[in-house]
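Q: the amino acid sequence is not available; the structure is as follows:
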């Protein structure tokens with residue numbers, strides 16, 4: 001691979017010629033790309049069998065790229081694959097593919113929350129399906145497709161601005177580093193579980209400049225505000241943006257008058273930069289877009305459904321993404337569910353208690369009053385006190401779900417396995433998961449004594465049982481009570497243990513004390529090609545404040 005490219009934001013002087021050349025290349029390679037698509041199917045393996053295709057997420061016909069979710073058979077984790085396809089005998093196609101792979105390799109050193117990290121870049125290998133010219137492997141972005149986000153209609157302006165901020169910041173940081181991300185296609189971008197838009201499938205087109213990234217920001221903003229895509233390569237199911245008499249796209253504000261003028265203007269000017277059509281006043285940098293987004297991301301999140309949407313398109317308000325803090329809070333909905341459940345349990349308990357009191361008033365006390373009477377060597381009052389104890393136990397509230405407000409990976413040595421994904425263990429979605437790294441040896445053989453997850457409870461509670469949903473049968477766990485979120489393993493008391501089966505495993509817990517932190521300590525990993533374990537969800541149950 002070549003050295004780091006030096007790409008400046010103004011590198012767009014000959015882009016009209018470049019776009020014409022790309023059009024000719026796409027026409028020449030359509031049949032080859034279609035043939036390759038027939039051979040790439042779920043279950044196929046690439047790169048000497050390491051990556052198994054799971055599901056096709058999309059395709060970028062402009063550069064004959066297919067976007068897939070795949071399973072890394074070595075590390076046992078999901079990854080995203082940008083697969084470049086074409087005719088291996090065509091020097092132009094192979095040269096373009098090589099250039100895309102080189103640019104993706106340079107981007108592997110770039111770390112930003114708005115971009116999926118590039119893990120590897122490989123050329124075609126023996127055994128790969130015909131037509132595969134190279135693959136860009138990146139970490140998998142949990143969440144949803146960008147087109148799914150607007151499937152029910154465009155978003156409120158404040159919501160759109162908040163969601164797009166990380167991606168705009170990533171573009172600005174990448175351009176300062178001399179890199180191009182290639183975000184100018186809607187299916188390369190995904191929405192994370194934290195409610196932020198992220199570049200999920202890296203691999204810019206071979207001749208793309210920084211202007212394409214800025215136009216990509218404008219196109220994504222236009223899509224969120226109007227539900228329409230303003231660049232070429234619009235995926236199936238997404239309408240293209242309407243154009244005016246001069247060929248430029250109609251402004252979002254024309255389609256929806258309630259959109260703020262500044263947001264509408266920055267979207268159009270980012271799309272119509274001087275490099276593309278010679279207009280003046282174009283937005284050339286990600287920083288210019290970011291400044292406007294930051295301004296409107298601070299607006300009141302209470303924007304309601306906008307009634308000015310075009311016919312057949314109903315705009316959504318902030319009912320899904322609304323948050324008082326501009327930074328997304330993925331636990332808010334979960335806390336609300338737990339809160340409603342807690343109120344229901346408390347209400348049921350109070351009603352039961354009142355009913356018992358009323359019954360007691362009419363039936364009268366069961367114990368005899370007056371002095372104790374000796375019967376068979378013991379007082380009658382003593383004999384009647386014992387059932388009272390069991391009655392108190394039976395009136396204790398049933399275990400209920402305990403709200404988890406935070407989590408972290410806990411180890412006593414070396415790195416923390418996939419620490420940035422640990423919140424997926426308590427997001428209420430069993431379709432997401434956290435997993436350990438893959439190891440050649442079992443835990444306790446020298447490299448690590450164990451791997452744990454510390455869960456912080458919303459309130460100190462007496463834990464009664466833990467439900468662990470996992471596909472990794474054979475994983476061995478200990479449940480420990482911890483004093484804080486950075487406990488000493490020796491001081492974290494074991495209160496339960498068990499071995500996981502495929503599905504949901506309930507681990508009973510025995511403790512008489514409340515705890516504010518729970519350590520789920522993995523003492524044995526599931527064994528496959530390597531030793532690793534995956535956990536989809538951890539649910540804690542108990543009683544708040546029970547000691």
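A: Cool, got the structure. As the structure is a computational prediction, the values presented were derived from the model and not from experiment.

Q: spit out the contact partners of residue 196.
A: When contacts are counted by Cβ atoms under 8 Å, 6 or more residues apart in numbering, residue 196 touches 113, 114, 163, 165, 166, 167, 328. Glycine gets a C-beta too; all of them are placed from N, C-alpha and C.

Q: so the closest residue to residue 114 other than its chain neighbours, which of the three states?
A: With sequence-adjacent residues excluded and distances taken as Cβ to Cβ, 6 or more residues apart in numbering, residue 114 is closest to residue 170, at 3.1 Å. When states are read from DSSP: H, G, I helix; E, B strand; the rest coil, the local structure at residue 170 comes out as helix.

Q: measure residue 170 to residue 176 for me?
A: Separation of residue 170 from residue 176 (Cβ to Cβ, to the nearest Å): 11 Å.

Q: between these two, which one's more packed in?
A: Residue environment comparison for residue 170 versus residue 176 gives the larger neighbour count to residue 170, 26 against 12, counting by other Cβ atoms under 10 Å.

Q: residues in contact with that one?
A: With Cβ under 8 Å, 6+ apart, residue 170 has these contacts: 112, 113, 114, 115, 181, 199, 286.

Q: mind redoing it with 6 Å?
A: Under the criterion of Cβ atoms under 6 Å, 6 or more residues apart in numbering, the contact partners of residue 170 comprise 112, 114, 115.

Q: so which of the residues you listed wins on neighbours?
A: Scoring these on neighbours with other Cβ under 10 Å, the highest-scoring entry is residue 115 at 26 neighbours.

Q: the nearest residue to residue 132 once chain neighbours are set aside: how many residues sit nearby?
A: For residue 132, ignoring the flanking residues on the chain, the nearest one in space by Cβ to Cβ, 6+ apart is residue 124 at 4.7 Å. When counting by other Cβ under 10 Å, one arrives at 21 neighbours for residue 124.

Q: so which bits of stretch 255-267 are buried?
A: Going by neighbour count (16 or more other Cβ atoms under 10 Å), the buried part of stretch 255-267 is 255, 256, 259, 260, 262, 263, 264, 265, 266, 267.

Q: what about the fifth one, which SS state?
A: Meaning residue 262. helix.

Q: host element of residue 352?
A: In the assignment (DSSP states H and E), residue 352 maps to helix 332-363.

Q: quick one, strands of the stretch 1-150 of the chain?
A: For the stretch 1-150 of the chain, the strands identified by DSSP state E, counting those that start in this stretch occupy 45-46, 51-60, 65-72, 77-85, 118-123, 132-139, 143-145, in order along the chain.

Q: re the thing from before, pLDDT on the helix holding residue 352, on average?
A: Per-residue pLDDT values over helix 332-363 give a mean of 67.

Q: for the record, mean pLDDT for stretch 81-97?
A: Along stretch 81-97, the predicted local confidence has a mean pLDDT of 90.

Q: in that stretch, what's buried?
A: Judged by neighbour count using 16+ other Cβ under 10 Å, the buried positions of stretch 81-97 are 81, 82, 83, 84, 85, 86, 87, 90, 93, 94, 96, 97.

Q: one more: stretch 479-492?
A: Within stretch 479-492, the residues that count as buried by 16+ other Cβ under 10 Å are 479, 480, 481, 482, 487, 489, 492.

Q: can you give me the end-to-end distance of it?
A: Length of stretch 479-492, first residue to last, Cα to Cα, to the nearest Å: 9 Å.

Q: what of stretch 480-487?
A: With Cα to Cα applied, stretch 480-487 spans 10 Å between its terminal residues.

Q: what average pLDDT does that stretch get?
A: Looking at stretch 480-487 alone, the average pLDDT works out to 83.

Q: could you do stretch 155-171 as well?
A: Along stretch 155-171, the predicted confidence averages to a pLDDT of 90.

Q: so what's the gap between that stretch and the chain middle?
A: In terms of Cα atoms, centre = their mean, to the nearest Å, the centre of stretch 155-171 is set 16 Å apart from its chain centre.

Q: what of stretch 494-506?
A: Stretch 494-506 has its C-alpha centroid displaced from the chain centroid by 26 Å (Cα atoms, centre = their mean).

Q: who's in contact with stretch 514-531?
A: The contact list for stretch 514-531 (Cβ under 6 Å, 6+ apart) reads 438-439, 442-443, 450-457, 460-462, 472, 474-478, 480-482, 485, 492, 532-533, 547.

Q: any idea how the chain splits into domains?
A: Taking automatic domain parsing as the criterion, the chain consists of the domains 25-139, 143-297, 332-364+374-394, 400-544.
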